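J.: here is a sequence together with a model predicted from it:
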Amino acid sequence: MGRVRRRLIWAIGALVITVMVIAMTWPMNSRVTACIPVDQALSQKSSFQAVDVVVQPWKGRHHVYGVFVIPDRFKYHRLYAVRLRIEGINAEFSAGSPENEESDSPVPLHGYFLRRAYLPTRTALWLVITGQFRNLLVPCHWWLVFVERVQ
């Protein structure tokens, strides 16, 4: 009787582990949606595509963000609200004001600055669970949009 019980426990454990492995790898193997071509007229005005992304929500807060190269004219201007938009997600996220950027970022080119825009960790984890993890890894899906504030 003891042997049968041990084999049953091992079988149930193996089944649980198999289901967990499938559940964790399935979202990471989903299809990546194609990137929308960049309209140069639009990107020069107020929307900027990410040059790099970091997506590691399992490390905790502030480990899911996009890095953007922004012209200096948007850096110290309080007339803009900044929104983070990710293709395939029907929501916009507040990215703070242009002035609250970290000062230790290296300057990429004269007349530009680097800016990070963070995605909430809970949202990133939800997107991983729902099978959109690989879409988050593609920098061309991340857009930082500067919207003029109404005076």
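T.: Yes, it's here.

J.: so what's Asp72 up against?
T.: The contact partners of Asp72, by Cβ atoms under 8 Å, 6 or more residues apart in numbering, come to 111-113. C-beta here means a position set from N, CA and C on the backbone, and glycine is covered the same way.

J.: out of these, the closest to Arg3 would be?
T.: Phe113 (68.1 Å; Cβ to Cβ).

J.: count the neighbours of that closest one for me.
T.: A total of 20 residues lie near Phe113 under the criterion other Cβ atoms under 10 Å.

J.: do Glu92 as well
T.: Neighbour tally, Glu92, other Cβ under 10 Å: 13.

J.: from Val147, how far off is it?
T.: Using Cβ to Cβ, to the nearest Å, one gets 9 Å for the distance from Glu92 to Val147.

J.: what touches both of these two?
T.: Counting by Cβ under 8 Å, 6+ apart, the residues touching both Glu92 and Val147 are Arg83.

J.: follow-up on the earlier one: can I get the contacts of Asp72 in CSV with secondary structure?
T.: Supplementary listing: the contacts of Asp72 in CSV, determined by DSSP: H, G, I helix; E, B strand; the rest coil:
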residue, secondary structure
Gly111, coil
Tyr112, strand
Phe113, strand
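
J.: now stretch 69-81: mean pLDDT?
T.: Averaging pLDDT along stretch 69-81 gives 78.

J.: measure it end to end?
T.: End-to-end span of stretch 69-81 (Cα to Cα, to the nearest Å): 17 Å.

J.: same deal with stretch 125-142?
T.: Note: stretch 125-142 ends 17 Å apart using Cα to Cα.

J.: in that stretch, which residues are buried?
T.: Residues of stretch 125-142 classed as buried by neighbour count (16 or more other Cβ atoms under 10 Å): 127-128, 132-136, 138, 141-142.

J.: any residues touching stretch 116-124, and which ones?
T.: 50, 55, 57, 60-68, 82, 84, 86, 91, 93, 95, 101-102, 105, 136, 142, 144.
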